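**Student:** How does the following fold in three dimensions:
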Amino acid sequence: MHDSFELAACAEMLWRDKPMQWRVKRLTELGFQVGLWNWPAHDLAMLEKSGARFSIMNGYLHGRLADDEGAAELLRSARETAQVGKRLGVARLNLHGTGLDEHGLPVAACETVTGAMWIKARDTLARIADMADEEGVTFTLENLNLPVDHPGVPFARAQDTLALVSALNHPRLRLNLDLYHAQIGEGNLIELCRQCLPWIGEVQVADVPGRREPGSGEINYAGVARALHAMGYRGPVALEAFASGDPEAALQAFRAAFTI
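**Tutor:** Numbers count the residues shown, from 1 in each chain. The predicted structure follows:
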């Protein structure tokens, strides 16, 4: 048995009583790549010198996909973030259907996504992909769940993010396929992985309910891992979850589920 995927974990959600420097160091010692959220919250010089491999971080600070003003703001914000990503060597810079506040709620809730909004979102993502080419970085578009954590976010479902990313089919724009969100919103995870496979940049995981480590809820993550492996996926799988108890035990459970 051996690690069959590139394993990462979100530093923001583990050891929440410890300083970020300690968390990044410990994840690196344990052999995990490190996921981050918003970069302005962190000491970039410390992160740069940490020796960590950064799997993903939020790829923008402000902006939206589907209107002119929001798109211009998103492009500016994403280009600024690309510079930070390059400085830290972050592999993927993450986007959502709209900007989120500190509670994960949309800065502008949207109950109905119109055809014009779909066209604008595709155009905005094409501009992001062109900018990513210029900067030599990769962006991902993450699916979210509407019923529990992110009501009112447009383009939130995995089928939505898949439709946008596959329509563009650009190597600098990939899917951040979050299976915690997909289980709440859509289910049928193995088939979803199969549909998304050509465009996956990263897979993120947490169990349902509770957003904790594999084995704490209803998802058969060992089965998902075997299916992903059988499909030929060998890329990053990241734990974006709170620990139900000891964080190191949560990381061990995650590693066990994704070791074939």
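
**Student:** What separation is there between the nearest residue to residue 232 once chain neighbours are set aside and residue 230?
**Tutor:** Across the structure, with CB to CB, 6 or more residues apart in numbering as the measure, the residue nearest residue 232 apart from its sequence neighbours is residue 197 (7.8 Å). (Each C-beta comes from the backbone N, C-alpha and C, glycine too.) Computed as CB to CB, to the nearest Å, the residue 197 to residue 230 distance reads 11 Å.

**Student:** again, but for residue 260
**Tutor:** Residue 260 sits 9 Å away from residue 230, going by CB to CB.

**Student:** now residue 189
**Tutor:** With distances taken as CB to CB, residue 189 is found 14 Å from residue 230.

**Student:** doesn't residue 71 fall inside a helix?
**Tutor:** Yes. If the criterion is DSSP: H, G, I helix; E, B strand; the rest coil, then residue 71 is within a helix.

**Student:** I'd say it and residue 126 touch.
**Tutor:** No. Taking contacts as CB atoms under 8 Å, residue 71 lies outside contact range of residue 126: 10.6 Å.

**Student:** out of the two, which sits in the more crowded spot?
**Tutor:** Applying other CB atoms under 10 Å to residue 71 and residue 126 shows that residue 71 carries more neighbours, namely 20 against 15.

**Student:** Just give the closest residue to that one, not the sequence neighbours.
**Tutor:** Using CB to CB, 6+ apart and skipping residues adjacent in sequence, the residue nearest residue 71 is residue 124, 4.2 Å away.

**Student:** returning to that earlier point: which residue of residue 197 and residue 230 possesses the greater neighbour count?
**Tutor:** With other CB under 10 Å as the criterion, residue 197 and residue 230 differ in neighbour count, and residue 197 comes out ahead with 15 against 11.

**Student:** and that one, that's in a strand?
**Tutor:** No. The assignment for residue 197, made by three-state DSSP, is helix rather than a strand.

**Student:** Tell me who's in contact with it.
**Tutor:** 231, 232, 233 (CB atoms under 8 Å, 6 or more residues apart in numbering).

**Student:** Spit out the contact partners of residue 71.
**Tutor:** Counting by CB under 8 Å, 6+ apart, residue 71 has contacts 63, 64, 65, 120, 123, 124, 127.

**Student:** which one of those is nearest residue 151?
**Tutor:** In terms of CB to CB, no member of these lies closer to residue 151 than residue 64, at 16.2 Å.

**Student:** What is the neighbour count of the closest residue to the closest one other than its chain neighbours?
**Tutor:** Ranked by CB to CB, 6+ apart and with sequence neighbours excluded, the top spatial neighbour of residue 64 is residue 70, at 2.8 Å. Around residue 70 sit 19 other residues, with neighbours defined as other CB under 10 Å.

**Student:** State whether residue 70 and residue 76 are indeed in contact, as I suppose.
**Tutor:** No. Judged on CB under 8 Å, residue 70 makes no contact with residue 76 at a distance of 10.9 Å.

**Student:** any common contacting residues for those two?
**Tutor:** Here residue 70 and residue 76 share the contacting residues residue 63, scored by CB under 8 Å, 6+ apart.

**Student:** Show me the strands in the stretch 1-150 of the chain, by range?
**Tutor:** For the stretch 1-150 of the chain, the strands defined by DSSP state E, counting those that start in this stretch cover 6-10, 33-35, 54-58, 92-95, 139-142.

**Student:** wait, which of these is closest to residue 21?
**Tutor:** For the strands of the stretch 1-150 of the chain, distance to residue 21 was read as CB to CB. The smallest value, 11.4 Å, belongs to strand 33-35.

**Student:** Now render the contacts of residue 71 as JSON lines, adding pLDDT and distance to residue 46.
**Tutor:** Formatted as JSON lines, the contacts of residue 71 follow (pLDDT from 0 to 100; distance: CB to CB, whole Å):
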{"residue": "63", "pLDDT": "95", "distance to residue 46": "27"}
{"residue": "64", "pLDDT": "95", "distance to residue 46": "31"}
{"residue": "65", "pLDDT": "96", "distance to residue 46": "32"}
{"residue": "120", "pLDDT": "98", "distance to residue 46": "38"}
{"residue": "123", "pLDDT": "98", "distance to residue 46": "38"}
{"residue": "124", "pLDDT": "98", "distance to residue 46": "33"}
{"residue": "127", "pLDDT": "98", "distance to residue 46": "33"}
